[in-house]
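Engineer: Quick one, fold the following:
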Amino acid sequence: MDRSPYGQFGIELLADLFLPAGFITVCQDMRGTGLSEGNFTNWKADADDSEDAGNWVVQQSWSNGQIYTFGASADGLGAFTTNYNAPSWLKSQYYVWTSSIGYDVIYPNGALLYNLLNRWLYGTVRPEDVDRCWGEFMDNEARTTWWEDLTFTGHYDLVKEGKFGFWAGWYDIFLVGNLAAYQGYNYEAESAARHNSVLTIDPCGHCQDAAPYFTEDIVAGRTALALMQAYDTFGARPVKRSNIKNVTFYVMSSNDDAGRQAGQFWTTVEEFPKPKMTKFFFHADGSVSKTAPTEQESSTSFTFDPLNPQTTKGGNNLFSDAPCGPLDQQEIDTREDVIVFQTPVLTEELVLTGPINGYLSVSSSAIDTDIMVRMSDVYPTGEARLIQDSAVRMRWRDNTIEPSYLTPGKVYQAYISLWNTSYVVAPGHSLRFAVSSSNYPRFSVNYNNGLLLSDPAYPGEPIVVTNSIHHSSEHPSYFELPIVKKVQLPQVHNIKGEFEAAYPDVDYERVIQDGPKLLENLMMSKRMNKQ
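Structural biologist: As a prediction, the model looks like this:
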């Protein structure tokens, strides 16, 4: 069963996947979308609506009383809520590029992902509902109780039994929420459901434009991996596989010869490798090293004008006016309102797999501002290909319900999560951290005046601000990077052979050929005007 806000023109894809395996496929338009009546509720009614739909299904003569739910992207946001009512008919669930947490994928570190929310709501929700739905998000830019229905954290014990599958992407808009869901289902569910989840992470997720940068080991045919995983999760054609384990992901690297030799391969393990979280400190000369700064006072400043924001180029985005993937940042990095910190040229591989956590010492001339960080792989040619980026809106730095404004000139520590990655920085390359205060339209522009998004006077008068990153012994700025050893990432190159052996009756070449089209349709790209 799949419940979707996108209409039913893509439902035949589910039938293609599961009807040959003996399943009946049922689709329902979410409340207030497609052919359904009512008003869209920002997924607030989905737990009850999902239960009602399932109760109807199991009463039909063709039903055996068991339902498997499927949720891709926005569909998945609703599918997670199905667990709140613990319906007796729920047998198993499979999730594609979606999230079990709402706040962190709309307001990462308190900063609004403007383009994602604005384009999605105004391109999907009915005109009579869209302003109300937008207003609810604006009224709750703090992590209020409004988000509880969209946050499964702390409720994984409602998952009682079954097998579950997750498909994520390193450049996907929902990466952090997808990983949180896998962690919760696998380790925090009821004992009968624990350790019954499988996870696949490709480089792209929603960001199909990233595929050409990862040329090794059939990234374009990664649909095959997820198809295997879906069949296993739902018990269709179960097989004993020798090479593919519970956690399978693509280890990225640069798209030059050095990168193709260092990374760009699949790995499969029983659980994520445990990284050595290692501090990389910023220094006054713009360098980055594992050595902590010794200066008693040291900082680097830049001036930011809200009326001249930087333009988004790359990252975990969805729509065409905020291009996604590992795009070149070198032109943006030369702006006067950007400060750059960079490692020396590497003489050996830097292998990263896990969370990327920043702890920046920040001061500002205003009561509020944004701090943006982009982490890039700098090629010998000068290209700076984006690995991950994010922001922290300083008024929400402490994750409070009420804004915590700055005292101008005072130094604060700000935590910023760049989510996760698996990436090898090749020898001859460098790792760069570019710090600024804007990235539009990915993030809304902060006018530095402290006005909340729901304030009738928003955005108010723009304030040109001077922001400083401190790098002294008392106020260091650093990132903790997840360093692993290459041996922790066993390479699996013959994905094709593994698939063919596991599923001899599936046409692998057709999967490779039709995979990109299937993904495009599955993400409802026509409806979302993703061009």
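Engineer: measure the closest residue in space to Lys279 that isn't next to it in sequence to Leu360 for me?
Structural biologist: In space, Lys279 comes closest to Tyr478 once its chain neighbours are excluded; the distance is 4.8 Å by C-beta to C-beta, 6 or more residues apart in numbering. Heads up, the C-betas are built off the backbone N, CA and C, glycines and all. Using C-beta to C-beta, to the nearest Å, we find Tyr478 at a distance of 8 Å from Leu360.
Engineer: Residue ranges in the stretch 1-150 of the chain under the pLDDT threshold?
Structural biologist: By pLDDT under 70, the low-scoring segments of the stretch 1-150 of the chain are 9-16.
Engineer: how deep is Pro306 tucked in, by neighbour count?
Structural biologist: Neighbours of Pro306 under the rule other C-beta atoms under 10 Å: 21.
Engineer: The residue nearest to Lys279 pairs with what?
Structural biologist: Per DSSP bridges, the residues bridged to Tyr478 are Phe281, Tyr359.
Engineer: Give me the three-state assignment for the residue of the chain most remote from its centre.
Structural biologist: Going by C-alpha atoms, centre = their mean, the residue of the chain most distant from its centre is Ser61, 40.3 Å out. Classification of Ser61 using DSSP: H, G, I helix; E, B strand; the rest coil returns coil.
Engineer: can you check Glu402 too?
Structural biologist: coil.
Engineer: any idea how far it is from Leu113?
Structural biologist: 22 Å.
Engineer: The two: which has the busier surroundings?
Structural biologist: Using other C-beta under 10 Å as the criterion, Glu402 and Leu113 rank with Leu113 on top: 23 against 9.
Engineer: Now that one. Its backbone dihedrals?
Structural biologist: Reported as degrees, to the nearest 10, the phi and psi values for Leu113 are phi -80, psi 80.
Engineer: what sits against it?
Structural biologist: 105-107, 173, 442-443 (C-beta atoms under 8 Å, 6 or more residues apart in numbering).
Engineer: What subset of these is buried?
Structural biologist: Using 16 or more other C-beta atoms under 10 Å as the burial test, the contacts of Leu113 include 105-107, 173, 442-443 as buried.
Engineer: How about the residue most central in space within the chain: what's its closest non-neighbour residue?
Structural biologist: Nearest residue to the geometric centre of the chain (C-alpha atoms, centre = their mean): Leu175, 2.3 Å. Once flanking residues are discounted, Leu175 sits nearest to Trp419: 5.4 Å by C-beta to C-beta, 6+ apart.
Engineer: Name all residues that make contact with the one you found.
Structural biologist: 108, 175-176, 316, 355-356, 388, 390.
Engineer: Specify which member of those is nearest to Pro459.
Structural biologist: Pro108 (19.9 Å; C-beta to C-beta).
Engineer: Low-confidence ranges, the stretch 401-531 of the chain, go.
Structural biologist: 494-531.
Engineer: what about 80?
Structural biologist: Residues of the stretch 401-531 of the chain meeting the criterion pLDDT under 80: 493-531.
Engineer: all strands for it, in order.
Structural biologist: Applying DSSP state E, counting those that start in this stretch to the stretch 401-531 of the chain gives strands spanning 412-425, 430-436, 465-470, 478-483, 491-492.
Engineer: who does the shortest one touch, helix- and strand-wise?
Structural biologist: It stands for strand 491-492. strand 265-269 (3 or more C-beta pairs under 8 Å, 6 or more residues apart in numbering; DSSP states H and E).
Engineer: can you pull out the helices in the stretch 301-450 of the chain?
Structural biologist: 330-333 (DSSP state H, counting those that start in this stretch).
Engineer: which one is Trp396 nearest to, not counting chain neighbours?
Structural biologist: Per C-beta to C-beta, 6+ apart, closest to Trp396 is Gly110, 2.7 Å.
Engineer: What is the burial count for that neighbour?
Structural biologist: So Gly110, with other C-beta under 10 Å, has 23 neighbours.
Engineer: any idea how far the nearest residue to Gly22 once chain neighbours are set aside lies from Asn317?
Structural biologist: Nearest residue to Gly22, sequence neighbours excluded (C-beta to C-beta, 6+ apart): Ala236, at 7.1 Å. In this view, Ala236 and Asn317 are 34 Å apart by C-beta to C-beta.
Engineer: Which one's more surrounded, the two?
Structural biologist: Between Ala236 and Asn317, Asn317 has the larger neighbour count (other C-beta under 10 Å), namely 26 against 15.
Engineer: correct me, but the more buried one touches Leu327?
Structural biologist: No. Applying C-beta atoms under 8 Å as the test, Asn317 and Leu327 come out as separate, 10.0 Å apart.
Engineer: shared neighbours, these two?
Structural biologist: Joint contacts of Asn317 and Leu327 (C-beta under 8 Å, 6+ apart) do not exist.
Engineer: phi, psi of Ala210?
Structural biologist: Main-chain dihedrals, Ala210, degrees, to the nearest 10: phi -80, psi -20.
Engineer: Touching, it and Pro203? I think so.
Structural biologist: Yes. Using C-beta under 8 Å, Ala210 makes contact with Pro203 at a distance of 5.6 Å.
Engineer: would you turn the strands of the stretch 401-531 of the chain into CSV with distance to Gly382?
Structural biologist: Formatted as CSV, the strands of the stretch 401-531 of the chain follow (distance: least, C-beta to C-beta, whole Å):
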stretch, distance to Gly382
strand 412-425, 15
strand 430-436, 10
strand 465-470, 23
strand 478-483, 22
strand 491-492, 30
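Engineer: Which among these is found nearest to Ala230?
Structural biologist: strand 491-492 (18.8 Å).
Engineer: List the neighbouring strands of the closest one plus their orientation.
Structural biologist: Short version: by DSSP bridges, strand 491-492 pairs with strand 265-269 (antiparallel).
Engineer: residue ranges for the strands of the stretch 151-300 of the chain, please.
Structural biologist: 164-169, 197-202, 247-253, 265-269, 276-282, 288-289, 299-304.
Engineer: Now the ones you listed in CSV, please, with extra columns for mean pLDDT, mean neighbour count and distance to Asp49.
Structural biologist: Formatted as CSV, the strands of the stretch 151-300 of the chain follow (pLDDT from 0 to 100; neighbours: other C-beta atoms under 10 Å; distance: least, C-beta to C-beta, whole Å):
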stretch, mean pLDDT, mean neighbour count, distance to Asp49
strand 164-169, 95, 25, 21
strand 197-202, 94, 25, 25
strand 247-253, 95, 24, 32
strand 265-269, 92, 21, 37
strand 276-282, 98, 17, 42
strand 288-289, 98, 18, 50
strand 299-304, 98, 18, 44
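Engineer: so what does the strand or helix carrying Asp52 touch, helix or strand wise?
Structural biologist: Per DSSP states H and E, Asp52 falls inside helix 46-58. If contacts are counted by 3+ C-beta pairs under 8 Å, 6+ apart, helix 46-58 sits against strand 2-4, strand 67-72, helix 74-81.
Engineer: and the shortest one, how far out from the chain's middle?
Structural biologist: Taking the mean of its C-alpha atoms, strand 2-4 sits 21 Å from the chain's own mean (C-alpha atoms, centre = their mean, to the nearest Å).
Engineer: hmm, who's touching it?
Structural biologist: Residues outside strand 2-4 that contact it (C-beta under 8 Å, 6+ apart) are 10-11, 14, 25-30, 33-34, 46, 49-50, 53, 69-72, 74-75, 78-79, 524.
Engineer: Listing partners with orientation, what would you give for that strand?
Structural biologist: For strand 2-4, pairing defined by DSSP bridges yields strand 27-29 (parallel).
Engineer: do the same with the second one
Structural biologist: According to DSSP bridges, strand 67-72 has the following sheet partners: strand 90-96 (parallel).
Engineer: nearest to Glu348, of the contacts of Trp419?
Structural biologist: Distances from Glu348 to the contacts of Trp419, taken by C-beta to C-beta, are shortest for Ile356, at 20.0 Å.
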